[in-house]
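Visitor: sequence-free structure coming up:
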């Protein structure tokens, strides 16, 4: 069977079509989504529990969508994650397209350096994306996509659910060099939808296609096996992951198997290689319930035999995660000196030459453990750090004073009078004075002072983070100083 598609018609977006579930019939949000919505409304975020990412609620948990799923309807991603698919509803067969109002809470995942992942507001660029989609739609004679809709699509073919069909469309687009944007995806979809079911199967190749074929006719079926198909894993692969270690399997439960496979698939070819590598890591001593997301870079960059040495040496999986599997001897040295893995790693990243004895000298000088790495990163001695701290000056401010050739002796009268040593443009109020006998500007002889910080026009954000972390522990993740900040956006899947 072939399907007639196109962009003709006066109403390609179905503006005259009623929603699949009327507004009056919408049920309350399920508890998990309601809790996220309430949290975002009061400006809060929270730490994500280990392994929670794969169990977070999504579009399919909305009651109006869940009620349509048994009939074969699948929601299209929205927001940032749905950008490449956003024009498909306009060319999808009308009888296989429906929509409901978008009431999904917009949340995202954020992580900072090696710190925990937090669930907070989605940080995508919705306005810019809508603008781009409007321009692309106009270029092919379509009106802009209507906002505030969640589209539900159904496949015209029984053995190819929408989730599998989208994988085939993406491959068809890439293999034929159609481009990378939503228009390219739309053209690829038009081409495949104009073909027969057998033709689409013949065109779709690779590990994901092989996995999809292997699930056809199974009890779960291709639609229920979509997470495994995306990873290129068939029923036999999943069975092996669930079998005990002593029987040649990985000894995982279904949730653990998916979590492990999601991470390993970033490095290995989908399919057999993923299963083999998961088993290798389990045999190396990593537990089934290991926080594989925190171990991500270790699993991608290290070999199982390397990590096994850490466990044999008496270190924990958490130690391996924090140290990223680097420098076993140094990790043992710091642990033997009584430092936790996180505080030790933080100090070593701040100053690769620092020793446990030098770190303890900051404790003896009265510097809080949470601030040690900030002073070490700036090249300050414990004595200098204490002198600045007694003036209620944090490390970032002290670096600015030092860049002007000034020390605590110069800062004291300014601090007493509430005067900053520079204007917001980064210019000094007066010419920097030469160091005096009471001015300490020399860095520790065991480490070199870093270059002067950037101009003060960029100082505001850096300094405010430093101060917030030092004086208001509730202002953000502990230890965050703006280094290695990264965001992982879940984009309203939302």
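Guide: In hand now; what should we look at? All figures in this text were calculated on a predicted structure; none of them were measured in a lab.
Visitor: now the helices for the stretch 1-150 of the chain?
Guide: 31-41, 63-66, 88-91, 126-139 (DSSP state H, counting those that start in this stretch).
Visitor: got a list of what the nearest residue to residue 351 once chain neighbours are set aside touches?
Guide: Closest residue to residue 351 apart from its sequence neighbours, by CB to CB, 6 or more residues apart in numbering: residue 376 at 4.3 Å. The way it works is simple: take the backbone N, C-alpha and C, and place the C-beta from them, glycine included. Contact analysis of residue 376 by CB atoms under 8 Å, 6 or more residues apart in numbering lists 347, 350-351, 354, 358-359, 362, 447.
Visitor: on that earlier part again, between the helices of the stretch 1-150 of the chain, which gets nearest to residue 12?
Guide: helix 88-91 (4.3 Å; CB to CB).
Visitor: can you list contacts of that closest one?
Guide: 5-7, 12-14, 76, 97, 99, 137, 142, 145, 151, 153, 185-186, 189-190, 193.
Visitor: swap in 6 Å and give it another go.
Guide: Identification of contacts with helix 88-91 by CB atoms under 6 Å, 6 or more residues apart in numbering yields 5, 7, 12-13, 97, 142, 151, 186, 189-190.
Visitor: which one of those residues sits closest to residue 51?
Guide: The closest of the contacts of helix 88-91, once distances to residue 51 are taken by CB to CB, is residue 151, at 30.0 Å.
Visitor: isn't there a helix covering the closest one?
Guide: No: with DSSP: H, G, I helix; E, B strand; the rest coil as the criterion, residue 151 is strand rather than part of a helix.
Visitor: any idea how far residue 20 is from it?
Guide: 10 Å (CB to CB, to the nearest Å).
Visitor: the more surrounded of those two?
Guide: For residue 151 and residue 20, the more surrounded residue by other CB atoms under 10 Å is residue 151, and the numbers stand at 26 against 18.
Visitor: ok, now how distant is the more buried one from residue 401?
Guide: Taking CB to CB, one finds residue 151 at 57 Å from residue 401.
Visitor: list the contacts of residue 45.
Guide: Per CB under 6 Å, 6+ apart, neighbours of residue 45: 118, 120.
Visitor: now, of the helices of the stretch 1-150 of the chain, which is deepest in the fold?
Guide: Highest mean neighbour count among the helices of the stretch 1-150 of the chain (mean count of other CB atoms under 10 Å): helix 88-91, with a mean of 22.
Visitor: off-centre distance for that helix?
Guide: 29 Å (CA atoms, centre = their mean, to the nearest Å).
Visitor: average model confidence for it?
Guide: Taken as a whole, helix 88-91 has a mean pLDDT of 97.
Visitor: check stretch 56-67 too.
Guide: 95.
Visitor: any idea how far apart the tips of that stretch sit?
Guide: End-to-end distance for stretch 56-67, by CA to CA, to the nearest Å: 19 Å.
Visitor: show me where pLDDT drops low in the stretch 101-250 of the chain?
Guide: Within the stretch 101-250 of the chain, the stretches with pLDDT under 70 are 113-115, 124-125.
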